[in-house]
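J.: Structure of the sequence below:
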Amino acid sequence: MTHLVSRKKLGFHAAPLHKSVEPHAFHYLAQRTSFWVAILSLLAFVTGNMIGQHGWQVFWKSVMGHDNDSLIVYTGTVTPIALVPDYVRWYRYGGNPQEHSFREVPQDMLIPLPPYTSALNDEKAQAIYSVSYMGSYTTGEQNSGSHPAVDIRVPIGTPVRSIASGVVSEVKDATGFGKTVVIRHPNIPDPSHPTETTVLYSNYAHLSVTFVNVGDIVDKGEQIALSGVTGDATGPHLHFQIDRADAPWHPYWPFTSEELRAAGYSTAVAINRGFHADRGTSFTVNPLLYVQASYAPVTTVVDAGSISARSSAASSIASQTWLSRVQSRVAQRRARLVVSTATVVLHEAASSSSSSSVSSEQEPEPSLPIATGEVVQRREVVVSRDEALPPAVGTPVSSVEITHDGSYSDRGWERVRLTLLDANGNVVTSPMLTRDIVLRASFGSADFQPDTLSVLDFSNGRAEVSVLPHGRRTLIIEAMPFGSESQPMKYVK
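T.: All right, here's what the predicted structure looks like:
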């Protein structure tokens, strides 16, 4: 019978000739090229976004839970409205802001917003500024009441823009104010001490449409809304107001409903009597005098600890290129909101019957006045077609109607219909188009399929395209070269 004897009892033990060493995790990862490609791509993405104007702002917001205001750059101010009707001429023409929208004002009757002064002696200014700062509803004169804003008389649909760079803090339907946008502006010159910085809140009320959401970072001059007549408004106008940081709410109002009832006043009577006007001057500033001053940026000393929180390379690039980058981006956004920057080049099929140059038939691109120092990038869209365009015969097209269901969600592509219209607003079933129609986003961002249409794409004057909005911002579609725009397409959950 065989007995098993342990090796320990026999006085010897066994050991492997070669030690087996398990590979380290890094040794394993080093064999995976795709892993390191992904890591490098992630680092490049993060670095690129951090160097951008608002990269660190978004980083601190998402990681630390609050905004890093030192990274929002003040580059001056602009008025909340760029162009207004010349009311003297427009009235003679038959125009009326109570009945006509901004789109119905002839282009040659639009003028820059006139300067605001404490004594509005100019006829054009009197027609535009219906109520001055701390004015009354009876005379509208400055310091005649307790109205803490300036009311700017403009037709419905007038573009409203942010007066300076900042963060959208509120988008709401406020009692009395109607649709309202509030923007917080950090690091902005203090009107009481222009060599020091403070935080101010700009308020835009009685709007018809808003284009921004809470948390959006906006640049100076960026379009944020369209004017309207919402809330307690007797006529279309923009209620424009600037609050100080210590105002208890925004837009600030110098008295409450309880105080009105205790005093036995209506809102209009209280404003006309200057009820609590001292509060208005304490918590607000004269909004138009402030933006017209356009104070120079304040030079500040950055704390060393704040600098060490960033990489030395990012700090160097940011300190040298902040202003030029902001000016370039603002110029490009303004150009996109005013006129298309796309140039269409058509390449027809090579044949003897279609060898004539298409570019010679195209109209010249509309000229856009560009301010000194601004940069406008032009994008060339090359369209290749198997068939040549038919001869230019039929009914001329004056505009393009763009219709959709008014909203989009995360479900994907949206369907949008284009309708060709003549000068009388009738559908053109046999259109004459000498140029292709290029689709673009005049506000927001989106992909279009197709993004360019010729007369071949329309059936009885109508065509459908697919649109994929980017992000969750409101989208407005524009058809060039006609400049026709759609109604806003808003994101819904």
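
J.: For R184, which non-adjacent residue is spatially closest?
T.: Spatial nearest neighbour of R184, excluding adjacent residues (CB to CB, 6 or more residues apart in numbering): S169 at 4.5 Å. For glycine as for every other residue, the C-beta is placed from the backbone atoms N, C-alpha and C.

J.: Now name the helix or strand holding that neighbour.
T.: Assigned by DSSP states H and E, S169 falls within strand 166-174.

J.: For that strand, give the mean pLDDT please.
T.: For strand 166-174, mean pLDDT is 94.

J.: Would you mind listing the buried residues in that strand?
T.: Within strand 166-174, the residues that qualify as buried are G166, V167, V168, S169, E170, V171, A174, counting by 16 or more other CB atoms under 10 Å.

J.: Mind listing the residues bridging to the second one?
T.: Read that as V167. Following DSSP bridges, V167 is listed with bridge partners R184, I217.

J.: how about it, what does it touch?
T.: D67, I72, I183, R184, P186, G215, D216, I217, V218 (CB atoms under 8 Å, 6 or more residues apart in numbering).

J.: Mind checking which of those residues are buried?
T.: Looks like those have D67, I72, I183, R184, P186, D216, I217, V218 buried, using 16+ other CB under 10 Å.

J.: tell me the two of the residues you listed that are most distant?
T.: Using CB to CB, the two most remote members of the buried ones among the contacts of V167 are P186 and D216, lying 14.8 Å apart.

J.: ok, now which ones touch M489?
T.: H404, G406, S407, Y408, E414, G444, V467, P469, T474, L475, I476, I477.

J.: give me the beta-bridge partners of it?
T.: Bridge pairing for M489 - DSSP bridges - gives L475.

J.: what's the distance between it and G95?
T.: Note on M489: its distance to G95, by CB to CB, to the nearest Å, is 29 Å.

J.: do the same with D436
T.: D436 sits 34 Å away from G95, going by CB to CB.

J.: These two: which has the busier surroundings?
T.: Counted by other CB atoms under 10 Å, D436 and G95 do not tie: D436 has more neighbours, with 24 against 18.

J.: For the more buried one, what are phi and psi?
T.: phi -70, psi 160 (degrees, to the nearest 10).

J.: my read: it touches T452, true?
T.: Yes. Between D436 and T452 a contact is recorded at 5.1 Å, counting by CB atoms under 8 Å.

J.: Doesn't R103 belong to a helix?
T.: Yes. With DSSP: H, G, I helix; E, B strand; the rest coil as the criterion, R103 is assigned to a helix.

J.: Run through the residues that contact it.
T.: G157.

J.: what sits up against stretch 183-202?
T.: For stretch 183-202, the surrounding residues in contact (CB under 8 Å, 6+ apart) are 67, 69-70, 72-74, 80, 162-169, 182, 204, 218, 224, 240-245, 247, 250, 285-287, 290, 293, 295-298, 300.

J.: mean confidence for it?
T.: For stretch 183-202, the mean pLDDT works out to 94.

J.: same deal with stretch 441-458?
T.: Mean pLDDT, stretch 441-458: 86.

J.: Buried by neighbour count: which residues of it qualify?
T.: Under 16+ other CB under 10 Å, the buried positions of stretch 441-458 are 441-444, 446, 448, 451-455, 457-458.

J.: Nearest to H100 among those?
T.: Nearest to H100 among the buried residues of stretch 441-458, counting by CB to CB, is S442 at 21.6 Å.

J.: And the pLDDT at the closest residue to that closest one other than its chain neighbours?
T.: Distances taken as CB to CB, 6+ apart place E478 nearest to S442, at 3.9 Å, with adjacent residues excluded. E478 carries a pLDDT score of 91 in this model.

J.: Equivalent analysis for the one 3 residues further on, please.
T.: Model confidence at P481, expressed as pLDDT, equals 86.

J.: and it, how many residues sit next to it?
T.: By other CB under 10 Å, 19 other residues sit near P481.

J.: which residues does P469 contact?
T.: Y408, E414, G444, S445, A446, L475, M489, Y491.

J.: which of those sit farthest apart?
T.: E414 and S445 (13.7 Å).

J.: Correct me if wrong: V131 contacts E141.
T.: No. Using CB under 8 Å, V131 makes no contact with E141, being 9.0 Å away.

J.: Show me which of these two is the more surrounded one.
T.: Using other CB under 10 Å as the criterion, V131 and E141 rank with V131 on top: 24 against 15.

J.: Please name the nearest non-neighbouring residue to the more buried one.
T.: Nearest in space to V131, with sequence neighbours left out and distances taken as CB to CB, 6+ apart, is D151 at 4.0 Å.

J.: and if you look at V78?
T.: Using CB to CB, 6+ apart, the closest residue to V78 is G221 (5.0 Å).

J.: swap in L439?
T.: The shortest distance from L439 to any non-neighbouring residue, by CB to CB, 6+ apart, is to F448 (4.5 Å).

J.: With G228 instead?
T.: Per CB to CB, 6+ apart, closest to G228 is S208, 2.8 Å.

J.: now the host helix or strand of the one you found against strand 166-174, angle please.
T.: Using DSSP H and E, S208 maps to strand 197-210. Angle of strand 197-210 versus strand 166-174, following axes from the mean of the first three to the mean of the last three CA atoms, to 10 degrees, is 50 degrees.

J.: Would you list the strands that strand 197-210 pairs with, along with their directions?
T.: For strand 197-210, pairing defined by DSSP bridges yields strand 178-189 (antiparallel), strand 223-227 (antiparallel), strand 237-244 (antiparallel).

J.: So which bits of the second one are buried?
T.: The neighbour-count criterion (16+ other CB under 10 Å) identifies Q223, I224, A225, L226, S227 as the buried residues of strand 223-227.

J.: circling back: just the buried ones from the contacts of stretch 183-202?
T.: Buried, going by 16+ other CB under 10 Å: 67, 69-70, 72-74, 80, 162-169, 182, 204, 218, 224, 240-244, 247, 250, 285-287, 290, 295, 298, out of the contacts of stretch 183-202.

J.: Let's verify A463: helix, strand, or coil?
T.: With three-state DSSP as the basis, A463 sits in strand.

J.: which ones are touching it?
T.: R417, L418, L453, D457.

J.: pLDDT score for the second one?
T.: In other words, L418. pLDDT, read off for L418, is 94.

J.: Count the residues that sit near it.
T.: L418 has 22 nearby residues by other CB under 10 Å.

J.: Output the contacting helices and strands for the helix or strand where it lies.
T.: Applying DSSP H and E as the criterion places L418 in strand 414-421. With contacts defined as 3 or more CB pairs under 8 Å, 6 or more residues apart in numbering; DSSP states H and E, the packing partners of strand 414-421 are strand 399-403, strand 462-469.
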